[in-house]
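*Asks:* starting from these lines, generate the structure:
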Amino acid sequence: MSARIDHTTTSGTFSLDGQTFEVDNNVWVLGDDTECVVIDAPHDLTAITELIAGRRVVAILATHAHDDHVTIAPELAAATDAPILLHPADLQVWELTHPQRPPEGALREGQLIEIAATHLRVLHTPGHSPGSCCFYVPELGAVFSGDTLFRGGPGATGRSFSDFEVVIESIQESLLTLPAHTAVHPGHGPSTTVGDEKPHLHAWIRRGY
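*Replies:* Now for the predicted structure:
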């Protein structure tokens, strides 16, 4: 059976730099009826395990380590016996939420993860955070962009560990070079496409984030 994308949304909080905000997060699951990977683990263990629906979880992939994306990652790992994978550049951010519990493995640029006869390619896209990653699945024409790229612009860079010029460079080099029809599935909000976002690049730069 071919791979498919399943989706749910969870609600909770995001805290950084002494401030806390209410947020809704997307959770994406890529796989078939037998096995899958989970992309981000925010807020609600029950909602995510229901989406998994008894499948074997090969890995829990963190797009980045802000607390709203990894809140229940250790609980999910314990429930599914799956490793948490995070880019090493985000370990300092991870330790703000889980100081005593490191991830099991590291993500790296160009790494291929095979799931349900489909290949997911890791794209290191720093800027929103130092270790932010996107996950490109060419067979499905989709990229999971975390908080690097949303419908309407790049992820916020006004807080610790972030850099606006770096996120713009990441988007230009790693995301806007993908085929225009590629669906962009972000960490928050609705999906978009590379083709829909590419014309707005210069407006983002003028506006700043």
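
*Asks:* please name the residues that touch residue 110.
*Replies:* Contact partners of residue 110, counting by CB atoms under 8 Å, 6 or more residues apart in numbering, are 121-122. Where you see a C-beta, it was placed from the backbone N, CA and C, and this is true even at glycine.

*Asks:* ok, residue 194 next?
*Replies:* 143, 175-176, 178-182, 184.

*Asks:* ok, and the most crowded of those?
*Replies:* Counting neighbours by other CB atoms under 10 Å, residue 143 leads the contacts of residue 194 with 28 neighbours.

*Asks:* now it: closest residue in space that isn't a chain neighbour?
*Replies:* Nearest non-adjacent residue to residue 143, counting by CB to CB, 6 or more residues apart in numbering: residue 136, 4.6 Å away.

*Asks:* same question, residue 6
*Replies:* residue 29 (4.3 Å).

*Asks:* that older thread, now the helix or strand where the residue nearest to residue 143 lies: buried residues?
*Replies:* Element membership of residue 136 [criterion: DSSP states H and E] is strand 133-137. For strand 133-137, the neighbour count (16 or more other CB atoms under 10 Å) marks 133-137 as buried.

*Asks:* and residue 165, how many neighbours?
*Replies:* 11.

*Asks:* scratch that, residue 19
*Replies:* Per other CB under 10 Å, the neighbour tally for residue 19 reads 8.

*Asks:* now residue 48
*Replies:* Per other CB under 10 Å, the neighbour tally for residue 48 reads 25.

*Asks:* where does it land in three-state SS?
*Replies:* At residue 48 the chain is in helix, as set by DSSP: H, G, I helix; E, B strand; the rest coil.

*Asks:* and residue 203, what pLDDT?
*Replies:* You'll see residue 203 listed with a pLDDT of 87.

*Asks:* I'd assumed it was in a strand, is it?
*Replies:* No: counting by three-state DSSP, residue 203 falls outside a strand, being helix.

*Asks:* if we can go back for a sec, and the buried residues of strand 133-137, which two are the farthest apart?
*Replies:* Comparing every pair within the buried residues of strand 133-137 by CB to CB identifies 133 and 137 as the most remote, at 13.3 Å.

*Asks:* if we can go back for a sec, beta partners of the residue nearest to residue 143?
*Replies:* On the basis of DSSP bridges, residue 136 is bridged to residue 121, residue 143.

*Asks:* what pLDDT does it get?
*Replies:* 98.

*Asks:* now do the contacts for it.
*Replies:* Applying CB under 8 Å, 6+ apart, we find residue 136 in contact with 120-121, 123, 142-143, 178, 182.
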